[in-house]
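**Student:** Structure here, sequence nowhere to be found:
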DNA sequence: TGCAATTAGTTGCAATAGCATCCTATTGAA
DNA sequence: TTCAATAGGATGCTATTGCAACTAATTGCA
């Protein structure tokens, strides 16, 4: 009912709650946008990353996106099942799978980009370019703090 | 291998990827911190919200935290199973469950607060108070944009 | 050269989360 | 008053995600 979300003495305001709420609601929006293409919120990141750089291995994807390799494996399996991605053994090292977009994959990528742009524009409302740049740079710092090695 | 994460022409930089990566890595950290108390990353928000305002109903929790009511039901069931939360039917309206902390719940809350503070401090490194305040306010706008009703 | 260690990827399992649907209690209009 | 509509909550199902443990391929050292 009330307009405030969380702000008071006992409950110090923290980015964590906002981050997780934003993440959940963005996933819901993106899932709805990409449902016509049978692409879920767990797969579009991989599709776009492959579109940007192909061929690429699952290991490289996992490192670039900071996602566990088993999650990557499952997402790629879905994209392959939908016919958007093709897997090929690396002739130089059979442990690697080289990932390519299929023709269908190349067709769907622009639609996915548009859908993501729609979601981004909706969430960016009332935020100037300058503020948005600042937001991104602060999020980068937070992410770096979370993922950098402990220098114990 | 390379230090950059995502930045180039074809792949426009967007907050979404950072938000989800931060969320995932924060969940991992928080899960590890709270494992000794058998509280998962899906439950601590509810525990803290109940600690702040009790009694409270599941519906009120869902609205405050912007979380689906079925997710709330499952999280509360776990907190109840661990003995941290007590459920009581509202005598005024038997559809409601009033939620209270148990003695055990009151004991564990400060430890959870400390664990959350540790995670927050780790992620806040290299960010000034002013910048952090700005980050929070921008995240609030993003969340509002995501959750406000379409005025179509 | 041969075998142990490492590496890329997979599988099984569990936790988180939302949607559709159902149940029960309450409310409200005819 | 009665019964349909509403509301809080629970249950079943599915998707996303990570960890532990595993397989298969490659590397490197004795």
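**Tutor:** All right, it came through fine. What you are looking at is a predicted structure, and each value in this text was computed from that prediction instead of being measured.
**Student:** Assumed residue A:88 was part of a strand.
**Tutor:** Yes - assessed with DSSP: H, G, I helix; E, B strand; the rest coil, residue A:88 lies in a strand.
**Student:** Please name the nearest non-neighbouring residue to it.
**Tutor:** residue A:98 (4.7 Å; C-beta to C-beta, 6 or more residues apart in numbering or on different chains). C-beta coordinates here come from the backbone N, C-alpha and C atoms, glycine included.
**Student:** quick one: the most centrally placed residue in chain A from DNA strand C, how far?
**Tutor:** Residue closest to the mean C-alpha point of chain A, counted by C-alpha atoms, centre = their mean, is residue A:45 at 4.0 Å. According to C-beta to the nearest atom of the strand, to the nearest Å, residue A:45 stands 16 Å off from DNA strand C.
**Student:** and that residue, what is it in contact with?
**Tutor:** A:65, A:67, A:75, B:17, B:20 (C-beta atoms under 8 Å, 6 or more residues apart in numbering or on different chains).
**Student:** Same question for residue A:147.
**Tutor:** Counting by C-beta under 8 Å, 6+ apart, residue A:147 makes contact with A:66, B:21, B:25.
**Student:** Of these, which belong to helices?
**Tutor:** Among the contacts of residue A:147, the ones falling in helices (DSSP state H) are B:21, B:25.
**Student:** okay, the contacts of residue A:147 in TSV with pLDDT next?
**Tutor:** What follows is the contacts of residue A:147, written out as TSV (pLDDT from 0 to 100):
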residue	pLDDT
A:66	96
B:21	97
B:25	96
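**Student:** tell me which of the contacts of residue A:147 is nearest to DNA strand C?
**Tutor:** Taking C-beta to the nearest atom of the strand as the measure, DNA strand C lies nearest residue B:25 of these, at 13.6 Å.
**Student:** count of neighbours near residue A:92?
**Tutor:** By other C-beta atoms under 10 Å in any protein chain shown, 7 other residues sit near residue A:92.
**Student:** Helix or strand for it, just tell me which one.
**Tutor:** Per DSSP states H and E: residue A:92 is located in neither a helix nor a strand.
**Student:** rewinding a little: would the helix or strand the residue nearest to residue A:88 falls within count as contacting DNA strand D?
**Tutor:** Take DSSP H and E as the rule and residue A:98 turns out to sit in strand A:97-101. No - using C-beta under 7 Å from any atom of the strand, strand A:97-101 never reaches DNA strand D; the gap is at least 11.0 Å.
**Student:** and after that strand, which helix or strand comes next?
**Tutor:** Following strand A:97-101 toward the C-terminus (DSSP H and E): helix A:103-124.
**Student:** That next one close to DNA strand D?
**Tutor:** No - judged by C-beta under 7 Å from any atom of the strand, helix A:103-124 stays clear of DNA strand D, getting no closer than 12.9 Å.
**Student:** And the next helix or strand past that helix?
**Tutor:** Using DSSP H and E, the helix or strand that follows helix A:103-124 in sequence is helix A:129-147.
**Student:** what mean pLDDT does that next one have?
**Tutor:** Helix A:129-147 comes out with an average pLDDT of 95.
**Student:** Buried residues, that helix. List them.
**Tutor:** Burial within helix A:129-147, assessed by neighbour count using 16 or more other C-beta atoms under 10 Å in any protein chain shown, is assigned to A:132, A:134, A:135, A:136, A:138, A:139, A:140, A:141, A:142, A:143, A:145, A:146.
**Student:** Spit out the contact partners of the nearest residue to the first one once chain neighbours are set aside.
**Tutor:** If you skip the residues right next to it in sequence, residue A:132 has residue A:124 as its closest partner in space, 6.2 Å away by C-beta to C-beta, 6+ apart. Shown here is residue A:124, whose contacts under the criterion C-beta under 8 Å, 6+ apart are A:132, B:142, B:145.
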